[in-house]
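> predicted model and sequence below, questions to follow.
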Amino acid sequence: MPPMLRGLRLSWLFAGAVGASEPAPGHACAAVVEAAARLACYDTAFPVTPAVRQAAAARPLREFGLRTTDRNGFVDATIDRVEATITAIEHGSRRERVLVLDNGQAWRRSNDADRGHVAVGDRVEIRRGPLGNHILRTPARVPVPVARVR
C-alpha cells in the first residue's frame with residue numbers, strides 16, 4: 001500500500017476513535033430518571049400525531065378478547081364488552097361454529113350446544129366474564145360461552 005494511502009487510513013481510524021470517546025449529544029428528556037416522567041417529557045417535546053391517537057383509541061376494541069397481558073401478567077381490561085353484528089358463520093377444524101363479526105373479530109363457541117341460536121345479521125353482545133372468559137349474549141339474551149380466535 002502506498003505510504004500516502006496508509007497515512008490517510010490511519011487518520012480516519014484516529015478520527016473515529018476520538019469521535020467515539022466523546023459523549024453523544026442527546027435530548028434533555030433522556031436524562032429524566034423516572035420512566036413515566038421521561039415519557040411525559042418526550043410527549044411534550046414531540047407531540048403525538050392524530051393518526052397515533054386514533055390508533056391508540058382503537059386498540060382496546062381491536063384486542064378485546066385476545067389473550068393479551070401486561071408485564072405483570074394482568075389482562076388489559078380497558079373495555080368490558082363489545083356489540084357487533086354477525087357477518088358470517090364458519091366451521092372450525094372440529095366443526096365448531098366460528099362467528100365472524102362486522103368489527104373483524106371472530107369468536108368460537110366454546111360450548112357448541114344448540115342453545116343460543118344465532119344467524120348472520122344478528123346483533124350480539126360479548127362481555128368479559130369474571131375469570132377472564134367471555135360470554136356472548138344472543139338477541140334473545142341467551143348466554144353462550146365464546147373464545148376469541150382472531
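Right, received. Where do you want to start?
> looks to me like Arg62 is in a strand.
No: when DSSP: H, G, I helix; E, B strand; the rest coil is applied, Arg62 is found to be helix, with no strand at that position.
> residues of whichever strand in the chain runs longest that come out buried?
Using DSSP state E to define each element, the chain has its longest strand at strand 81-91. Buried residues in strand 81-91, counted by 16 or more other C-beta atoms under 10 Å: 82, 84, 86. Where you see a C-beta, it was placed from the backbone N, CA and C, and this is true even at glycine.
> bridge partners for the second one, pull those for me.
The reference is to Ala84. Bridge pairing for Ala84 (DSSP bridges) gives the partners Val124.
> so it makes contact with Val118?
No: in this structure, Ala84 is not within contact of Val118 by C-beta atoms under 8 Å, at 11.6 Å.
> anything in contact with each of the two?
Residues touching both Ala84 and Val118 (C-beta atoms under 8 Å, 6 or more residues apart in numbering) are Val124.
> would Ala30 count as being in a strand?
No: counting by three-state DSSP, Ala30 is not found in a strand; it is helix.
> tell me how many other residues surround it.
Residues lying near Ala30 (other C-beta atoms under 10 Å) number 11.
> can you list the weak-confidence ranges in the protein?
1-25, 67-77, 111-114 (pLDDT under 70).
> now do the helices in it.
Remark: helices assigned in the chain by DSSP state H are 3-21, 35-45, 50-63.
> list of residues touching the second one?
Right, the one you point to is helix 35-45. 27-30, 32.
> could I have it exported to CSV, CA atoms only?
What follows is the C-alpha trace of helix 35-45 in CSV, where atoms were taken according to Å, rounded to 0.1, in the frame of the first residue of the first chain:
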residue,chain,number,x,y,z
ALA,A,35,-39.9,6.3,33.2
ALA,A,36,-43.3,8.0,33.4
ALA,A,37,-41.8,11.4,33.7
ARG,A,38,-39.4,10.7,30.9
LEU,A,39,-42.3,9.6,28.6
ALA,A,40,-44.2,12.7,29.5
CYS,A,41,-41.2,14.8,28.7
TYR,A,42,-40.8,13.2,25.3
ASP,A,43,-44.6,13.5,24.6
THR,A,44,-44.3,17.3,25.4
ALA,A,45,-41.3,17.7,23.2
